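Enquirer: please work out how this folds:
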Amino acid sequence: MHLQDIDKSTYQSRSRNSYFALCGLLIIFTLAWSSLFIALFSNSENNFIFNLLGVIAALISVVPIVNYCKNKTWFAEVIYVWRLKRELNKINRKMRKLVQAMNRGEANAFIIVKFSYLGSRQIWQLDDNTLMLNELSSSEHKLDEQAGKLGIEVDVSRYHSDMLDKY
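Expert: Numbering: from 1, shown residues only. Presented below is the predicted three-dimensional model:
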């Protein structure tokens, strides 16, 4: 995975529209499936099970639609951010081991953590979540200083997911 430049207003608009559309589809499909199950199988006043089955059927019904839409160019920014968030999650789960590896002077650990910092910055800026940016800048500066002292060149363009397998 590589970091890409994303237009903030385009991302925010498409992301918002995607979430609204997904919620709308889930509501419509849930109502349709629940009504169908109640009409076909209900013989009592308690329809909780049929409503629950309607929610499950709606989720199953929406999956092919999402899979179809995620390959469309209109969703490129939204899918990129989803994938970046997933990648950052993988990195965060291994952060303790990565910090230990950085302390041992492993160059790949520096690349992974720097990618995490830059990816987090991009997502926070796209989502207008600027509360943690100062702390992130401080952490990034410390990483750069530590890499400089060890003579390690941190080039995030060399990052790829397989680097995490070692940790």
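Enquirer: what is the burial count for residue 34?
Expert: Neighbour count for residue 34, taken as other CB atoms under 10 Å: 20. No exception for glycine: its C-beta is placed from N, CA and C like everyone else's.
Enquirer: and it, what does it touch?
Expert: 47, 50-51, 53-55 (CB atoms under 8 Å, 6 or more residues apart in numbering).
Enquirer: return the subset of these lying in helices.
Expert: 50-51, 53-55 (DSSP state H).
Enquirer: adding neighbour count, write those residues out as CSV.
Expert: Listed next are the ones in helices among the contacts of residue 34 as CSV, based on neighbours: other CB atoms under 10 Å:
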residue, neighbour count
50, 19
51, 17
53, 18
54, 21
55, 14
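Enquirer: closest one of those to residue 21?
Expert: Among the ones in helices among the contacts of residue 34, residue 55 lies closest to residue 21 (CB to CB), at 17.8 Å.
Enquirer: number of residues surrounding the nearest residue to residue 130 once chain neighbours are set aside?
Expert: In space, and not counting its chain neighbours, residue 130 is closest to residue 124: 6.4 Å by CB to CB, 6 or more residues apart in numbering. Residue 124: 15 surrounding residues under other CB under 10 Å.
Enquirer: now do the contacts for residue 124.
Expert: Here residue 124 is in contact with 130, 132-133, 136 (CB under 8 Å, 6+ apart).
Enquirer: now do residue 104
Expert: Counting by CB under 8 Å, 6+ apart, residue 104 has no contacts.
Enquirer: can you check the pLDDT for it?
Expert: In this prediction, residue 104 carries a pLDDT score of 95.
Enquirer: the one 4 residues further on too?
Expert: We have a pLDDT of 96 for residue 108.
Enquirer: would you confirm that it contacts residue 164?
Expert: No: with contact defined as CB atoms under 8 Å, residue 108 does not reach residue 164; the gap is 9.2 Å.
Enquirer: restricted to helices, list the contacts of residue 124.
Expert: Counting by DSSP H, the contacts of residue 124 place 133, 136 in helices.
Enquirer: now the two most distant members of the contacts of residue 124.
Expert: It's 130 and 136 that sit farthest apart of those, by CB to CB, at 9.8 Å.
Enquirer: how near is the residue of the chain most remote from its centre to residue 123?
Expert: In the chain, residue 43 marks the outermost C-alpha relative to the chain mean, sitting 43.2 Å out by CA atoms, centre = their mean. Residue 43 is 50 Å from residue 123, where distance means CB to CB, to the nearest Å.
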